[in-house]
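Colleague: Build me a model from this:
(one chain, ligands or ions: 2)
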Amino acid sequence: MRPFTFQQAANELDAVRAATPAPGGSDLRADGATAYLAGGTTLVDLMKLDVMRPRTLVDINGLAATHGGIDADARGLRLGALARMADVADHPMVLRDYPVIAESLALAASGQLRNMASIGGNVLQRTRCSYFRDTSYAACNKRSPGSGCAAMEGVNRIHAVLGTTSKCIASYPGDLAHALIALGSEVQVLGPNGPRMFPFAQLHLQSADTPETETTLRPGELITSIFVPAGPYTRRSTYVKVRDRQSYAFALTSAAVALDLAADGTVRDARIGLGGIHYAPYRAMAAEAALKGKLLDEASATAAADAALRGAVTHGHNDYKPELARRTLVRALLQAKAKEI
Ligand SMILES: Cc1cc2nc3c(=O)[nH]c(=O)nc-3n(C[C@H](O)[C@H](O)[C@H](O)COP(=O)(O)OP(=O)(O)OC[C@H]3O[C@@H](n4cnc5c(N)ncnc54)[C@H](O)[C@@H]3O)c2cc1C
Ligand code: SF4
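Modeller: Numbering: from 1, shown residues only. Ligands and ions are numbered 1, 2, ... in the order given. Presented below is the predicted three-dimensional model:
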């Protein structure tokens, strides 16, 4: 690992100040000079692999007392950026009112990682594309802009089928983000120009046009919390994850589903996020629209799944993904329907 300097932020202003370029200076984030350190379970791995090369780490774990809370009221659920994955997954109110969030976290990583890793760091995790993570491969536009994409003709079994370009076919690896995007969540950030709030759907760039830039965060911006608005669909929600083994593995495909159903099973509202298949966290709005006003059964769920996967482009090893994703979504919809709430 390359040498770096280490600073501990005492509060959020301290953190942002430490991570913000001096006036007239270069963009510290763009040249990799500064990074926030939360649980470190992504960042430190990538530093050891020499994929991320920050010269300064700003440790934000001292903010946990002020930015690690899990609070809910009639308007919704607020998750502090420093809340740990395990604490959110096990929180009784999250389990009862937002099960899709609890399940997406409980099915992610391992117990040890969930104890360490934060919500802010989780949504900013980077792709598991092997060519990105192994610097012995020269061609990776995400790591080295303009160098090409080794995965295009290489081993691309875990890669995306939607949102890709000729520059990058990486898939977004996380679980929680698909639940957050499905529920119309918002991100609160603090930057050198003060706080701002914006839809979670705008946090990640949805297309791989500039693979080296993955988010819309501005230099120095710190995620402080995530807000999930309450809705009549959050309780009837679930997360289905399909993976190579039953624990401690990333999703091949996944579906985050939340439903508001009439007594006869007609869909009043549907929220759907799909994992494993897209370049970024993906809200399947075409599938949601296909379901609204329909009686939810295997036929309507399948039609919605077809709508979600329309336009999928595969690259050989990942030819299986569209069909697996369709079946994952159908299963999640029928499971959510059958749920006792
Ligand atoms: C073996 C293994 C298996 C895994 N399996 C899964 C899985 O199945 N599903 C899944 O979803 N995840 C999985 N993960 C990923 C894991 O969940 C993430 O590594 C973790 O959530 C990242 O959180 P962290 O707090 O450790 O982030 P860090 O590593 O500390 O940070 C990650 C990135 O976010 C930035 N950052 C952190 N916090 C903030 C903030 N508040 N504001 C702005 N920037 C910030 C950091 O600078 C860094 O760039 C796995 C990881 C490993 C190592
Ligand atoms: S898919 Fe993206 S991350 Fe993977 S090698 Fe290609 S450019 Fe790099």
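
Colleague: Quick check: the gap between F227 and Y233.
Modeller: 16 Å (Cβ to Cβ, to the nearest Å). In this view, the C-beta of every residue, glycine as well, is placed from N, C-alpha and C.

Colleague: K339 too?
Modeller: Using Cβ to Cβ, K339 is found at 11 Å from Y233.

Colleague: So for these two, which residue has more residues nearby?
Modeller: Neighbours per residue, other Cβ atoms under 10 Å: of K339 and Y233, the larger number sits with Y233, 21 against 14.

Colleague: and that one, helix, strand or coil?
Modeller: Put simply, Y233 is coil when judged by DSSP: H, G, I helix; E, B strand; the rest coil.

Colleague: bridging residues for L274?
Modeller: L274 has these beta-bridge partners by DSSP bridges: A255, Y282.

Colleague: Identify the residues contacting G40.
Modeller: 116, 121 (Cβ atoms under 8 Å, 6 or more residues apart in numbering).

Colleague: confidence score at it?
Modeller: For G40, the pLDDT comes out at 98.

Colleague: is it fair to say it lies in a helix?
Modeller: No: counting by three-state DSSP, one finds G40 to be coil, located in no helix.

Colleague: Quick check: the gap between it and C129.
Modeller: Computed as Cβ to Cβ, the G40 to C129 distance reads 21 Å.

Colleague: tell me the contacts of the closest residue to ligand 1 within the chain?
Modeller: Across the chain, the shortest distance to ligand 1 (Cβ to the nearest ligand atom) belongs to G121, at 2.0 Å. Contacts here follow Cβ under 8 Å, 6+ apart; on that basis G121 touches 38-43.

Colleague: Also V16?
Modeller: In this structure, V16 makes contact with 190-192, 220-222, judged by Cβ under 8 Å, 6+ apart.

Colleague: Quick check: it vs L43, distance?
Modeller: V16 is 18 Å from L43, by Cβ to Cβ.

Colleague: How about the contacts made by the closest residue to ligand 2 within the stretch 201-341 of the chain?
Modeller: Nearest residue of the stretch 201-341 of the chain to ligand 2: P211, at 5.1 Å (Cβ to the nearest ligand atom). Contact partners of P211, counting by Cβ under 8 Å, 6+ apart, are 141-142, 145, 167-168, 170.

Colleague: please redo it, this time with the cut-off set to 10 Å
Modeller: If a contact means Cβ atoms under 10 Å, 6 or more residues apart in numbering, then P211 has 127, 129, 132, 140-143, 145, 149, 164-165, 167-170, 205, 279 as its contacts.

Colleague: on that earlier part again, filter the contacts of G121 to the buried ones?
Modeller: 38-43 (16 or more other Cβ atoms under 10 Å).

Colleague: near ligand 1 too, which of the residues you listed?
Modeller: 38-43 (Cβ under 6 Å from any ligand atom).

Colleague: can I get these in JSON lines with distance to I70?
Modeller: Listed next are those as JSON lines, based on distance: Cβ to Cβ, whole Å:
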{"residue": "A38", "distance to I70": "16"}
{"residue": "G39", "distance to I70": "16"}
{"residue": "G40", "distance to I70": "21"}
{"residue": "T41", "distance to I70": "19"}
{"residue": "T42", "distance to I70": "21"}
{"residue": "L43", "distance to I70": "23"}
